[in-house]
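>>> sharing a sequence plus its predicted fold:
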Amino acid sequence: MTSSSSLTDKQEQRFRSLAFLTVIIIYLLILAGGIVRGTGSGMGCPDWPKCFGRWIPPTEISQLPTNYQGIYGAKLKGEVEFNAVKTWIEYVNRLLGVLSGFFVFGTLLASLSYLRKDKTVFFGSLAAFLLIGVNGWLGSRVVATELAQYVITLHLLLAIVVVFALLFVMVRSNAPHLQIKSIPEKTKSVRWLLLMVMVLTLGQIILGTQVREALDAVVKRLGYEQRENWIGNLDMSFYIHRSFSLVVLAFHLAVIYQLRKLPAISWLPTISNALITFVIIEIGTGVIMAYFSVPAIAQPIHLLLAIIMIGLQFVAWLLVNPVTIIAKGYKQDSRLVGV
């Protein structure tokens, strides 16, 4: 009996570790996607799933047919120019996508140990696996639609949903190990405030994709030689996005103030500190892009920080939600029931 219990504990610990690692891999994938976008490498591989018809991309133009532009440029109106750096940036992004799929599948297999104890963990892992499969297909549509903005935005939003699914099973599987003194009635207002912040942050992310689309148009018109003039030629979406960051900051300060007033709950103090840190750095990267000619390195970092922020908000919301942290089969704290 003791041996069986020990085995189950090890399986569950393995699952929690794998779920956390999978979240990290997904974040790296989002960072890679931001680098692809920021460097204009989206069509570095003009076909899918292969790259210039090869499973291992070429490193120099001599490895391509002399008429490669005619072969791969038919759909792109002949606008295919081989660039080894951009090709490999896009290809590494694809490799990370495949790796993340394997990790999510591994998380699903590891979640089988929860089928008897808490099926919600299994179904959350299954949802993450199905969603990342759909997002992989959306990645192929990004290439097929020649970087259509709406497909890129859907691709990003679905990646956020995958992160949410993984964060949910990570928090849920850690429920028995969370130190929770009590969850008072006032957390209901905190939960609503957190939901509002998530909606505002998501809106800011979507606004950011509109700014990115406008920037792409400016770059295409002015070229990289006039980088210092990019910001001055952006439309109103940039100014709305910039001003709205102050609203997001104000709501984050309100959330952090409310979270700090709650009784001790594992992870919440760390999340509160991380949130304000990431918000400040996020605004800082925005300022750097606005006043320092949009350096390429700042763009993917700006996006990644936003996704990390909304992930932290979601985890905080889960932690103050008793429905989440009271899992079937776990010992329930009577102070949490009925809240």
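Right, received. Where do you want to start? Numbers count the residues shown, from 1 in each chain.

>>> helices along the stretch 201-339 of the chain, start to end?
Remark: helices assigned in the stretch 201-339 of the chain by DSSP state H, counting those that start in this stretch are 236-261, 268-291, 298-319, 322-325.

>>> could you pull up the mean pLDDT of the second one?
It refers to helix 268-291. Averaged across helix 268-291, pLDDT comes to 89.

>>> how far does that helix sit from the chain's center?
Averaging C-alpha positions (CA atoms, centre = their mean, to the nearest Å) puts helix 268-291 16 Å from its chain's average.

>>> give the contact list for Pro49.
94, 140 (CB atoms under 8 Å, 6 or more residues apart in numbering). From N, CA and C alone the C-beta is placed, and that goes for glycine too.

>>> so how far is Lys220 from it?
Separation of Pro49 from Lys220 (CB to CB, to the nearest Å) stands at 27 Å.

>>> one more: Asp235?
In terms of CB to CB, Asp235 sits 14 Å off from Lys220.

>>> okay, those two: which has more neighbours?
Taking other CB atoms under 10 Å, Asp235 and Lys220 do not tie; Asp235 has more neighbours (14 against 9).

>>> check contacts around the more buried one.
Asp235 neighbours (CB under 8 Å, 6+ apart): Ala214.

>>> look at it and report its pLDDT.
You'll see Asp235 listed with a pLDDT of 88.

>>> equivalent analysis for the one 4 residues further on, please.
With respect to pLDDT, Tyr239 has a value of 91.

>>> show me the domain layout of the protein.
Per automatic domain parsing, the structural domains of the chain span 1-173, 178-339.

>>> for those, which has the smallest mean pLDDT value?
With a mean of 81, domain 178-339 has the lowest mean pLDDT of these.

>>> how distant is it from the center of its chain?
Its chain's C-alpha centre and that of domain 178-339 lie 11 Å apart, by CA atoms, centre = their mean.

>>> for stretch 19-31, same thing?
Computed by CA atoms, centre = their mean, the separation of stretch 19-31 from the middle of its chain amounts to 8 Å.

>>> what about Ser125, neighbour count?
The number of residues near Ser125, taken as other CB under 10 Å, comes to 31.

>>> repeat for Ile24
Ile24: 12 neighbours (other CB under 10 Å).

>>> could you measure from it over to Gln313?
18 Å.

>>> try Ala165
To Gln313, Ala165 is 15 Å away according to CB to CB.

>>> do the same with Ile301
19 Å.

>>> these two: which is more packed in?
Remark: of Ile301 and Gln313, Gln313 carries more neighbours, 24 against 20, as counted by other CB under 10 Å.

>>> name the nearest residue to that one, sequence neighbours excluded.
Leaving aside its sequence neighbours, Gln313 sits nearest to Met198 (CB to CB, 6 or more residues apart in numbering; 4.9 Å).

>>> count of neighbours near the residue nearest to Pro46 when sequence neighbours are not counted?
Spatially, and ignoring its direct neighbours in sequence, Pro46 is nearest to Tyr72 (4.2 Å; CB to CB, 6+ apart). Counted with other CB under 10 Å, the neighbours of Tyr72 add up to 20.

>>> contact partners for Tyr72?
46-47, 52, 80.

>>> how about JSON lines for those, with neighbour count, secondary structure and distance to Leu246 added?
Formatted as JSON lines, those follow (neighbours: other CB atoms under 10 Å; DSSP: H, G, I helix; E, B strand; the rest coil; distance: CB to CB, whole Å):
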{"residue": "Pro46", "neighbour count": "24", "secondary structure": "coil", "distance to Leu246": "41"}
{"residue": "Asp47", "neighbour count": "16", "secondary structure": "coil", "distance to Leu246": "44"}
{"residue": "Phe52", "neighbour count": "21", "secondary structure": "coil", "distance to Leu246": "45"}
{"residue": "Val80", "neighbour count": "19", "secondary structure": "coil", "distance to Leu246": "42"}
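
>>> and the furthest pair within those?
Asp47 and Val80 (10.1 Å; CB to CB).

>>> quick check: the closest residue in space to Ile288 that isn't next to it in sequence vs Ile281, distance?
Nearest non-adjacent residue to Ile288, counting by CB to CB, 6+ apart: Ala298, 5.0 Å away. Applying CB to CB, the value for Ala298 to Ile281 is 11 Å.

>>> quick one: which of those two has more around it?
Ala298 (18 against 15).

>>> check contacts around the more buried one.
Ala298 neighbours (CB under 8 Å, 6+ apart): 285, 288-289, 292.

>>> now, of those, which are buried?
Neighbour counting over the contacts of Ala298 (16 or more other CB atoms under 10 Å) leaves 285, 288-289 as the buried ones.

>>> closest one of the contacts of Tyr72 to Leu109?
Distance to Leu109 across these (CB to CB) is lowest for Asp47, with 31.7 Å.
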